[in-house]
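Below are the sequence and a predicted model; questions follow.
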Amino acid sequence: GDSVTQMEGPVTLSEEAFLTINCTYTATGYPSLFWYVQYPGEGLQLLLKATKADDKGSNKGFEATYRKETTSFHLEKGSVQVSDSAVYFCALGTNAGKSTFGDGTTLTVKP
Amino acid sequence: NAGVTQTPKFQVLKTGQSMTLQCAQDMNHNSMYWYRQDPGMGLRLIYYSASEGTTDKGEVPNGYNVSRLNKREFSLRLESAAPSQTSVYFCASSGQGSGNTIYFGEGSWLTVV
């Protein structure tokens, strides 16, 4: 079945550090890939997505590229801020309807 | 700009009590979902509904029932609450197709004592 594996946390960085959160997937067919972010006390919200191989999703300084050859969708940001502290979820979606989520990675950014 | 609205936001139940979590979306989405989120467990799908009139079990359906009342509303019922059902519950909705974003409600914090 479909699965998503993302880097275990928690991750603690200093402000302005470079961020990478790894995500790899297993799926039949051609899934779409997503990163969602969850701020404390809130529901998940879409951060970025890519719907086909080699697409790059980007938003708020975050980027991720859909790599079919390595079945990966790693999240990166060049310079994190304290306000980026949150839980990040990698997910895949297929035409079958249900999405599959990773376990989430907690990021804490210290001033 | 309501999106996905779920109620109640907080609830404390005694073991054996029943309750219904309500959810409504105003985005004309066909698909709706109920997830639970526990520390260290990520999101787990309880039930989903691909369209009005259909519901299917997810990963952890035991102890829950759902009703897709109409296209807008999807409720989750706990018939006899157990402490193991203490969790944060999220309702969500999406259009159909692999590229569609899932939109989440703000969550319902349920404690069973």
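Yep, that arrived.

Quickly note the distance from the residue of chain B positioned farthest from its centre to chain A.
Each residue of chain B has a distance to the centre, and by Cα atoms, centre = their mean the biggest one is for B:Gly99: 21.4 Å. Separation of B:Gly99 from chain A (Cβ to the nearest Cβ, to the nearest Å) stands at 4 Å. (Each C-beta comes from the backbone N, C-alpha and C, glycine too.)

give me every residue that touches that residue.
With contact set as Cβ atoms under 8 Å, 6 or more residues apart in numbering or on different chains, B:Gly99 has these partners: A:Ser32, A:Lys49, A:Thr51, A:Gly93.

same thing but at 10 Å, please
By Cβ atoms under 10 Å, 6 or more residues apart in numbering or on different chains, the residues touching B:Gly99 are A:Pro31, A:Ser32, A:Leu33, A:Phe34, A:Lys49, A:Ala50, A:Thr51, A:Lys52, A:Gly93, A:Asn95.

and those, which are buried?
Neighbour-count burial within these applies to A:Pro31, A:Ser32, A:Leu33, A:Phe34, A:Lys49, A:Ala50, A:Thr51, A:Gly93; the criterion is 16 or more other Cβ atoms under 10 Å in any protein chain shown.

If we check chain B, which of those are in contact?
With respect to chain B, and counting by Cβ under 10 Å from any Cβ of the partner chain, the subset of the buried ones among the contacts of B:Gly99 in contact is A:Pro31, A:Ser32, A:Leu33, A:Phe34, A:Lys49, A:Ala50, A:Thr51, A:Gly93.

now those as CSV including distance to B:Val4?
As requested, these are arranged in CSV below (distance: Cβ to Cβ, whole Å):
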residue, distance to B:Val4
A:Pro31, 23
A:Ser32, 20
A:Leu33, 22
A:Phe34, 16
A:Lys49, 18
A:Ala50, 23
A:Thr51, 22
A:Gly93, 17
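
From A:Phe34, how far off is the residue farthest from the centre of chain B?
When Cβ to Cβ, to the nearest Å is applied, the distance between B:Gly99 and A:Phe34 equals 9 Å.

any residues in contact with both of these two?
Here B:Gly99 and A:Phe34 share the contacting residues A:Lys49, A:Ala50, A:Thr51, A:Gly93, scored by Cβ under 10 Å, 6+ apart.

residue contacts, A:Lys68?
With contacts taken as Cβ under 10 Å, 6+ apart, A:Lys68 has the following neighbours: A:Tyr30, A:Pro31, A:Lys52, A:Ala53, A:Asp54.

Centre-most residue in chain B?
B:Trp34 (2.7 Å).

so which strand or helix has that one?
Secondary structure assignment for B:Trp34, by DSSP states H and E: strand B:31-38.

what packs against the helix or strand containing B:Arg44?
Using DSSP H and E, B:Arg44 sits within strand B:42-49. Counting by 3 or more Cβ pairs under 10 Å, 6 or more residues apart in numbering or on different chains; DSSP states H and E, the packing neighbours recorded for strand B:42-49 are strand A:86-93, strand A:99-101, strand B:31-38, strand B:56-57, strand B:64-68, strand B:74-78, strand B:87-94.

who does the third one pair up with?
Pointing back at strand B:31-38 there. Sheet partners assigned to strand B:31-38 using DSSP bridges are listed as strand B:42-49 (antiparallel), strand B:87-94 (antiparallel).

cool, the fifth one as well?
On the basis of DSSP bridges, the sheet neighbours of strand B:64-68 come out as strand B:74-78 (antiparallel).
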